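J.: Pasting a predicted model and its sequence here:
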Amino acid sequence: MDARRRIDAVMKYKELEDDERAVLRRLLQAGYAQNGTSLGRVAALTADELANEVTGVDYCGADPDKYHESAKRRLRSVINHLIIRHGIPIMCEAGKGGGYYLPGDESEVEQNHARFHRRAMTGLMKASRARKSAYADAVIQLAMDYDAPEGHEIRQRLGAPISRATSPPAWVQVVTRLLDHLKGNPEAYATQIAHIQERYGDIFVPRHKVRELRELSGRLQRVLGGLA
């Protein structure tokens, strides 16, 4: 993981706003030792610290607290823009000892992703219960199998039942709906259908039928060979 190389390229070749450049410079300054070693999460900067680098904020009158909150909102916008638009791997950690930092290695990226994934799935599950949304349930099932340890952990923490009585399951309904969509216009989705057939054809077609077709194909080739 070479976040520094990515940042150097973005700062050199991309058009960045002043706030974005200032935040990146501060993250680089904090994230690397003098010998160039990446420090990772131990060098995390709090939102309060990084907000000092943001200048594109209304003064909000003479109230310093309102100004600081406005600066932190602007900081979140800057961080999101850098991550989503420019692909800068800025890690965000909540709570004590958290903040914003550049990852030291791939393990920190994976750990950060796992934490965000669990929080996102927890929030989505809460929303699905509040609105009784089958869509939210389907997303959870597709993104995090209920049979996986992470799924069990979230459901137990929220007090949700482990077994699901939905028939067919919500994720099956989503997949079916997608296939129906492809089936409705096979010409437009010929490439996607061919990819699915190539990769999953033996799942959707019974295996014994596939074997029979291959045997028949072999016989036909032998017959044609004999006629040549």
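T.: Arrived safely. Numbering: from 1, shown residues only.

J.: In this structure, spot the helix with the most residues.
T.: If you go by DSSP state H, the chain has its longest helix at helix 106-131.

J.: Can you name the residues in contact with the helix or strand hosting G225?
T.: Per DSSP states H and E: G225 is located in helix 207-227. Helix 207-227 is touched from outside by 201-202, with contacts defined as Cβ atoms under 8 Å, 6 or more residues apart in numbering. In this view, the C-beta of every residue, glycine as well, is placed from N, C-alpha and C.

J.: same question, stretch 27-44
T.: 1, 3-4, 7, 45, 50, 90-91, 93, 97-105, 108.

J.: what does stretch 65-85 give?
T.: 17, 19-20, 23-24, 47-48, 50-54, 56-60, 88-90, 92, 100.

J.: In PyMOL, how would I select just the buried ones from those?
T.: Only the buried entries of the contacts of stretch 65-85 go into this PyMOL selection, using 16 or more other Cβ atoms under 10 Å:
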select buried, resi 19+20+23+24+47+50+51+53+54+57+88+89+90+92+100
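
J.: So which of the contacts of stretch 65-85 sit within strands?
T.: Secondary structure from DSSP state E places 92, 100 of those in strands.

J.: Between the two ends of stretch 35-49, how far is it?
T.: Chord length of stretch 35-49, first to last residue, is 24 Å (Cα to Cα, to the nearest Å).

J.: Checking N35 next. Helix, strand or coil?
T.: Using DSSP: H, G, I helix; E, B strand; the rest coil, the secondary structure recorded for N35 is coil.

J.: Just the helices from the chain, written as ranges.
T.: According to DSSP H, the helices that the chain contains are 3-13, 18-31, 47-51, 64-84, 106-131, 134-143, 149-158, 170-184, 190-204, 207-227.

J.: Take those and write them to TSV, including distance to L39 and mean pLDDT.
T.: Below are the helices of the chain laid out as TSV (distance: least, Cβ to Cβ, whole Å; pLDDT from 0 to 100):
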stretch	distance to L39	mean pLDDT
helix 3-13	11	81
helix 18-31	6	90
helix 47-51	15	88
helix 64-84	18	86
helix 106-131	11	77
helix 134-143	32	59
helix 149-158	29	64
helix 170-184	41	81
helix 190-204	42	83
helix 207-227	53	76
